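Novice: model this:
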Amino acid sequence: MSVDRTSSITPPVQKSDEEWRAQLTPEEYRVLRQAGTEAPFVGEYTDTKTVGVYRCRACDAELFRSEQKFDSHCGWPSFFSPLAGDAIIEREDRSMGMLRVEVLCANCGSHLGHVFSGEGYDTPTDLRYCINSISMRLEEA
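Specialist: As a prediction, this is how the structure comes out:
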């Protein structure tokens with residue numbers, strides 16, 4: 001897994017803090033723009049099996065397909081691969097006293113969740129993109 005260890009990310013969609021606050025609900029803003037996390041097992045897409053494309057709730061960019069979603073029993077929607085290699089940005093996250101890999105929308109820089117590897121999931125990539133439901137919107141096929 002490649003990790004962008006740079007701290008400067010300049011996504012194509014740029015908005016002021018005021019514009020993001022006007023567009024997003026307070027909870028969406030907290031997760032997408034402040035790297036928050038929704039509580040486990042409460043997100044609208046945690047258990048859904050609906051076929052479609054998951055899009056960034058902030059900018060509508062395509063992120064994941066339902067075919068890459070799997071049930072990891074972790075409390076958040078899990079995917080083994082993003083829609084395309086350039087749909088997301090991965091960067092080192094040392095918050096909360098641990099080393100993780102944060103997942104951001106490549107189009108607008110919004111926080112989506114984290115990616116984990118080596119957990120023994122029976123998936124083609126052995127990766128788990130653990131994504132907040134509130135960071136996405138499902139466009140049904």
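Novice: Skipping its backbone neighbours, what lies nearest residue 113 in space?
Specialist: What sits nearest to residue 113 in space, not counting adjacent residues and going by C-beta to C-beta, 6 or more residues apart in numbering, is residue 131, at 4.0 Å. Any C-beta I mention is one placed from the backbone N, CA and C, and that applies to glycine too.
Novice: go on, residue 129?
Specialist: The nearest residue in space to residue 129 (C-beta to C-beta, 6+ apart) is residue 79, at 4.3 Å.
Novice: didn't that neighbour look like it was pressed against residue 72?
Specialist: No: using C-beta atoms under 8 Å, residue 79 makes no contact with residue 72, being 9.3 Å away.
Novice: So which bits of stretch 106-121 are buried?
Specialist: 106, 107, 108, 109, 110, 111, 112, 113, 114, 115, 116, 121 (16 or more other C-beta atoms under 10 Å).
Novice: Correction: the previous question concerned stretch 66-85.
Specialist: So for stretch 66-85, counting by 16+ other C-beta under 10 Å, buried means 66, 68, 69, 72, 76, 77, 78, 79, 80, 81, 82, 83.
Novice: Any chance of the backbone angles for residue 127?
Specialist: phi -110, psi 150 (degrees, to the nearest 10).
Novice: give the contact list for it.
Specialist: With contact set as C-beta atoms under 8 Å, 6 or more residues apart in numbering, residue 127 has these partners: 1, 80, 81, 115, 116, 117, 121.
Novice: what pairs with the fifth one across the strands?
Specialist: Beta-bridge pairing for residue 116 (DSSP bridges): residue 128.
Novice: my guess is it contacts residue 131, does it?
Specialist: No: Residue 116 lies out of contact with residue 131 (C-beta under 8 Å); the separation is 11.5 Å.
Novice: what residues are shared contacts of residue 79 and residue 72?
Specialist: Both residue 79 and residue 72 are in contact with residue 128, where contact means C-beta under 8 Å, 6+ apart.
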